[in-house]
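**Student:** Build me a model from this:
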Amino acid sequence: MKATPHILVINGTKVRRPVFVLGSPHSGADLLARAVKRSAGFHLTIGRPGVLQMVYAFAQRPSIATERGRGAARVLRDAYAEAWQMSGAGCAGCRAECWEAAGLRPPEAGDASCVEPRGVDRFGDASPDLIYSADVLLDAFPDAQLLQVIRDGRDVVADMLDDERCLAWFKPGLTNLDEVFPNPFLGVEEVVERARWPRAAAAVKCALRWRGSVRLSARLRAQTPEEQLMTVRYEDLVRRPGPIADEVSEYLGSQISKLALASLVREAAGEPRGEPRRPELRLPERLIPDLRLPDLRKGDSRRNERDGDAPRPGGRLTTRQLEQVERIAGTELERLGYRLSGAG
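**Tutor:** The predicted model follows:
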């Protein structure tokens, strides 16, 4: 028997078509999430403790979601019922990243909210590694709209190698290959990959995680109606922020600020403000083996032809690292339309 839809009410407003921004570490999903958060009518959260607890659980042990069935959706929905409260108490547990995404400084006292409740009619979340809870999200919110960001894996790996929080997951005490295999969180799907993991280079481990995330994106695309999933290519996002904002606005049926997105892109590129870019807040990821990759169908952002003077993908990687990434994820890169360098 089909489950009765659950209506969640936050501050007197019914939650309809919540928006979830998905992407692998350093995919650029944070840029799109910040633009949504700074757009009128949206209350988008990032990294609320109760939500992160569930995201960690589903990411590291996906069997929790499958074994508990509707119970997992109910628990996640309850976490959002608390996370989306628009009050000083509701925002007391916010991480600095959530406040900064709104363009605000974290308050010294816990009596302020990151959003004015009046006028809010859309809710959403962009917590790290949310992509690995996508199935549970759709169970919890059948009318949810998903935004996923795809980026060249070589650039993703280069950023991950500079992020100690990403590399921390590779420490022996944090891996659970003996307990969970295939291991979507680490991207380890084959016996030979598990055997080589302890001695594998950091670039190889980062490439496995990226490869697994895009395979999961493909699975998500294959199973989700077009009206509920839009794929944005990061390279298009930074090259054409205005048109991308228009496309996202049309998809969501709500206006996304072109000014905010363009400003965020400039900041990420180090243009007008001198503040250093904060690394993305990234937590566990879960990958589901699937060789089909995201096709950018109607309604998704299409890639442009690369400009002749565009920087080389993975330009910060050594030749050896570039060879390792393309060996691990070359098939996925090519299927996504990224040309291989031929390194090695």
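
**Student:** least trustworthy helix or strand in the chain by mean pLDDT?
**Tutor:** Within the chain, judged by mean pLDDT, DSSP states H and E, the helix or strand with the poorest mean is helix 88-91; its value is a mean of 67.

**Student:** Please determine how far the closest residue to A35 other than its chain neighbours is located from G23.
**Tutor:** Counting by Cβ to Cβ, 6 or more residues apart in numbering, L261 is the residue found nearest to A35 once chain neighbours are left out, at 3.9 Å. (Glycine included, C-beta is placed from N, CA and C.) Noted for L261: a distance of 15 Å to G23, by Cβ to Cβ, to the nearest Å.

**Student:** How much space separates L340 from T319?
**Tutor:** In terms of Cβ to Cβ, L340 sits 13 Å off from T319.

**Student:** Neighbour count for those two, which is higher?
**Tutor:** Ranked by neighbour count (other Cβ atoms under 10 Å), L340 and T319 place L340 first, with 15 against 10.

**Student:** so that one is in which element?
**Tutor:** Taking DSSP states H and E as the definition, L340 sits outside all helices and strands.

**Student:** re the thing from before, between L261 and G23, which has more neighbouring residues?
**Tutor:** Comparing L261 with G23 by neighbour count (other Cβ under 10 Å), the higher total belongs to G23, at 29 against 24.

**Student:** sorry, back to before: could you look up the next helix or strand downstream of the least confident helix or strand of the chain?
**Tutor:** Later in the chain than helix 88-91, the nearest helix or strand by DSSP H and E is helix 96-101.

**Student:** Now do the SS call for V21.
**Tutor:** For V21, the assignment made with DSSP: H, G, I helix; E, B strand; the rest coil gives strand.

**Student:** Was I right to think it contacts L32?
**Tutor:** Yes. Using Cβ atoms under 8 Å, V21 is in contact with L32, at 5.6 Å.

**Student:** Quickly list what's touching both of these two.
**Tutor:** Residues within reach of V21 and of L32 at once, by Cβ atoms under 8 Å, 6 or more residues apart in numbering, are A126, L147, V149.

**Student:** In strands, which of those residues fall?
**Tutor:** L147, V149 (DSSP state E).

**Student:** could the shared contacts of V21 and L32 be laid out in TSV, adding distance to C94 and neighbour count?
**Tutor:** Below are the shared contacts of V21 and L32 laid out as TSV (distance: Cβ to Cβ, whole Å; neighbours: other Cβ atoms under 10 Å):
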residue	distance to C94	neighbour count
A126	13	27
L147	21	23
V149	22	26
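
**Student:** any chance of the shared contacts of V21 and L32 in TSV, with distance to G270 too?
**Tutor:** Output for the shared contacts of V21 and L32, formatted as TSV (distance: Cβ to Cβ, whole Å):
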residue	distance to G270
A126	22
L147	25
V149	20
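
**Student:** and G330, how many neighbours?
**Tutor:** 17.
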